[in-house]
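Chemist: give me coordinates for this.
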Amino acid sequence: MAATARAGALWLLGQVLAEGRLLSELTGTAQHLRLDPAERARAQRLALETLRGLEKADRVVKPYLRKMPPLAVRNVLRLATVELCQGGDAHGVVNEAVAHVRRGKRTAAYGGMVNAVLRKVALEGPAKWAELRVPHLPKWLRQPLAEAWGGATVAAMEAVHFAGAPLDLTVKSDAREWAARLGGALLPTGSVRLTAPGQVSALPGFERGDWWVQDAAAALPVRGLGEVAGLSVLDMCAAPGGKTLQLAAGGADVTALDISEGRLARVHENLARTGLSAAVVTADALAFAGGPFDAVVLDAPCSATGTIRRHPDLPLVQRGEAIGGLIELQAALLDHALTLLKPGGRLLYCTCSLLPDEGECQIEAALARHEGLRVMPGAFDLPGVAPDWRSDDGGLRLRPDYWAERGGMDGFYMACLTRG
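Modeler: Below you'll find the predicted structure:
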């Protein structure tokens, strides 16, 4: 079990790189790291920085290796190299790395090698690191993105991915005041952005539920519905609940639906913390027969390729094989969502994907399948929305390279649909 943040980060790296697990799946199990909340947050940060810099770290270390060591040892070298090349204290980084390797029965023999390699990295690594290119996305993802958006745009996205993501908050009221209080920036679309937040649960306003964590891009879809007070709204794939909270804060009568009881536990926790209310239902969305509703929000299961700046483990774990099945599921969910609307009701469709097949193409296909269905082009005439974010079909296409100088945003596609 982990006793330090670095040991915790190595455990997380092992789960991702050896077990093929996403960091988002480890939220509960991270308690087993036996670290206090602040150190757990540091372990998470170190793991994320290492995953973002994995390609660079491997290139820095490779010239010092005669043969490739086991994965557990490589991960120690990777973590230490990223720290050293980003200005970490050489004495502490190297000593803890060597001690960690020597404690393991299967890795103890590599202690001397790790010490020798990292001493060289401490001296020569930072200069090499600065010369290396920004890490590329894997080919299975980079190729279709280049076809959709062009090579220069993909390179700009990769630069934002490598820089990492600030923390965005959606606040219940007076975003400007909260930006000042938390030492953050008020974004043009109304979110509050923090660049060095530290432990989130220790920030003012967390325990009272004055705000919740939600990327600025993810906060825009619900705003496309406009005034929701008094409306019945189904959040069709609700977990972890950011859009449910937005709807409830706006005065809607919300039903939060999700197939995963475990993921809905986060929704219950967030509702309780913020003092907001919603009916929470565990069920398969395709079999759900409630309503009819004034509006349905369908944040459909997708490849999540728009969230890589916050989840650098995603392209390392996924290989693209599941995208075809996700596209079929999205279409089925969209079709079913239309049956749950009142006459004249609105369907808000969105995905945190950079792939047009999961966004623009889904809407094009839905319009062809359903007579009278149309996109509401003015839905996203919102403060802070730039003209070039608008898609040709009347929706909104967001990309990580937008607001690059501010820290970027998640990739998202969204469109508001109605009949007639």
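Chemist: can you tell me the centre-most residue of the chain?
Modeler: The residue lying closest to the centre of the chain (Cα atoms, centre = their mean) is T307, at 3.8 Å.
Chemist: which parts of the stretch 201-350 of the chain are strands?
Modeler: Ranges of strands in the stretch 201-350 of the chain, per DSSP state E, counting those that start in this stretch, are 211-213, 232-235, 253-258, 279-282, 293-299, 341-351.
Chemist: tell me which residues of the helix or strand that contains W178 come out buried.
Modeler: Taking DSSP states H and E as the definition, W178 sits inside helix 175-182. Within helix 175-182, the residues that count as buried by 16 or more other Cβ atoms under 10 Å are A175, W178, A179, L182. Every residue, glycine included, has its C-beta placed from N, CA and C.
Chemist: how about stretch 49-63?
Modeler: Buried residues in stretch 49-63 (16+ other Cβ under 10 Å): E49, T50, L51, R52, G53, L54, K56, A57, D58, R59, V60, V61.
Chemist: contacts for the helix holding W178?
Modeler: 169, 171, 184-186, 190-194, 197, 203-205, 210-211 (Cβ atoms under 8 Å, 6 or more residues apart in numbering).
Chemist: check stretch 62-75 too.
Modeler: 10, 13-14, 17-18, 50, 58, 77, 101, 104, 106-107, 110, 113-114, 116-117, 120-121.
Chemist: of those residues, which belong to helices?
Modeler: Among the contacts of stretch 62-75, the members found in helices (DSSP state H) are 10, 13-14, 17, 50, 58, 77, 101, 113-114, 116-117, 120-121.
Chemist: quick one, what contacts V171?
Modeler: Contacts of V171 were listed using Cβ under 8 Å, 6+ apart, and they are W178, V192, G205, D210, W211.
Chemist: let's see it at 10 Å
Modeler: Applying Cβ atoms under 10 Å, 6 or more residues apart in numbering to V171 gives the contacts 177-179, 181-182, 186, 190-192, 205, 210-212, 214, 249.
Chemist: pull the number of nearby residues for A368.
Modeler: 9 (other Cβ atoms under 10 Å).
Chemist: SS state for it?
Modeler: helix (DSSP: H, G, I helix; E, B strand; the rest coil).
Chemist: burial count for P400?
Modeler: So P400, with other Cβ under 10 Å, has 30 neighbours.
Chemist: look at it and report its pLDDT.
Modeler: If you check P400, the pLDDT there is 97.
Chemist: likewise for A283?
Modeler: At A283, pLDDT is 97.
Chemist: just the one 5 residues further on next, same as before
Modeler: If you check F288, the pLDDT there is 97.
Chemist: just checking, T170 is part of a helix?
Modeler: No - going by three-state DSSP, the assignment for T170 is strand, not a helix.
Chemist: tell me which of the strands of the stretch 201-350 of the chain is the most buried.
Modeler: Of all the strands of the stretch 201-350 of the chain, strand 232-235 carries the top mean neighbour count, a mean of 27, counting by mean count of other Cβ atoms under 10 Å.
Chemist: Provide the strand pairings for that strand, with the direction of each partner.
Modeler: strand 253-258 (parallel), strand 293-299 (parallel) (DSSP bridges).
Chemist: please save the CA atoms from that strand in CSV.
Modeler: The C-alpha coordinates for strand 232-235 follow below in CSV (Å, rounded to 0.1, in the frame of the first residue of the first chain):
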residue,chain,number,x,y,z
SER,A,232,-40.0,18.8,-16.5
VAL,A,233,-36.6,17.7,-17.8
LEU,A,234,-35.1,14.3,-18.1
ASP,A,235,-31.3,14.0,-17.8
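Chemist: G241 and S260 touch, don't they?
Modeler: No - here G241 does not reach S260: they are 11.9 Å apart, not a contact under Cβ atoms under 10 Å.
Chemist: of the two, give the one with the bigger neighbour count.
Modeler: G241 (28 against 12).
Chemist: list the residues that contact that one.
Modeler: Counted by Cβ under 10 Å, 6+ apart, G241 has contacts 212, 214, 235, 247-248, 254, 256, 258, 263-264, 266-271, 274, 276, 278, 280.
Chemist: just the buried members of these?
Modeler: Buried residues within these, counting neighbours by 16+ other Cβ under 10 Å: 212, 214, 235, 247-248, 254, 256, 258, 263-264, 266-267, 270-271, 274, 276, 278, 280.
Chemist: quick revisit: and the furthest pair within the ones in helices among the contacts of stretch 62-75?
Modeler: With Cβ to Cβ as the measure, no two of the ones in helices among the contacts of stretch 62-75 lie farther apart than G14 and K120, at 24.5 Å.
Chemist: and the helices in the stretch 101-250 of the chain?
Modeler: 111-131, 139-149, 151-163, 175-182, 220-223, 242-249 (DSSP state H, counting those that start in this stretch).
Chemist: which elements pack onto the first one?
Modeler: Read it as helix 111-131. Where contact means 3 or more Cβ pairs under 10 Å, 6 or more residues apart in numbering; DSSP states H and E, helix 111-131 is packed against helix 54-61, helix 71-85, helix 90-103.
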